[in-house]
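Colleague: here you go, sequence then predicted model.
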Amino acid sequence: MHTYIATVDGKEYRVEILDDGRVSINGQVFEVDFQPIGDQPLYSLLVSGRSYEATIAFVEDAWEVLLQGVLYRVQVEDERMRRLRAQAGEKTVSHKRVRIKAPMPGLVVDVKVETGQEVDKGQVLLLLESMKMQNEIRAPRAGQVVGVYVEAGQSIEQGKVLVELQ
């Protein structure tokens, strides 16, 4: 069983993956089925017999979920890692290095920053083309670029470190 904390509009939800097809959200159990539709970031979601379509994409440091015409920004954190950070007394990570990873496989179209450059929170670091759409990869916080690990024209896999900030 995996447990996560999902934060939506400042409200936290405890999400437990019970087994294949069942999840618990704040103690309430739901039967779920979640399948991609085609080659777009569109998904079919069946929750306790009700059908939904959702568009889901990782943007900056959170998931953006478009469901029934409403855009939700969802931050997901592994409960175990959160507890370990709290025990270690980690209150902020703004002074630590941040590795910005590819949220999906794709082609690097343009790199907008270079090592040593200061960037602002939300500033575009690079453009990544995936599924025929260009995605802006933005800085999750202000800082200095300490590493750029890709170049324009390069194909990359999901999870590859693109840029590192300090």
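Modeller: Looks like it arrived, so ask away.

Colleague: for the rest of this, base every contact and every neighbour count on C-alpha atoms.
Modeller: Noted.

Colleague: in this protein, where is pLDDT below threshold?
Modeller: Counting by pLDDT under 70, the chain has low-confidence residues at 60, 85, 89-95.

Colleague: ok, now with 80
Modeller: Across the chain, the ranges flagged by pLDDT under 80 are 1, 20, 39-40, 59-61, 81-96, 103-104, 131-132.

Colleague: those helices in it, which residues are they?
Modeller: Taking DSSP state H as the test, the helices found in the chain are 79-87.

Colleague: farthest from the middle of it: give me that residue.
Modeller: Outermost residue of the chain with respect to the C-alpha centroid, by Cα atoms, centre = their mean, is Gly49; its distance is 27.3 Å.

Colleague: who are the neighbours in contact with that residue?
Modeller: Glu31 (Cα atoms under 8 Å, 6 or more residues apart in numbering).

Colleague: distance check, it against Tyr43.
Modeller: Using Cα to Cα, to the nearest Å, Gly49 is found at 16 Å from Tyr43.

Colleague: same check on Arg97?
Modeller: The gap separating Arg97 from Tyr43 is 33 Å, by Cα to Cα.

Colleague: ok, those two, which is more surrounded?
Modeller: Set Arg97 next to Tyr43 and count neighbours by other Cα atoms under 10 Å: Tyr43 wins out with 17 against 14.
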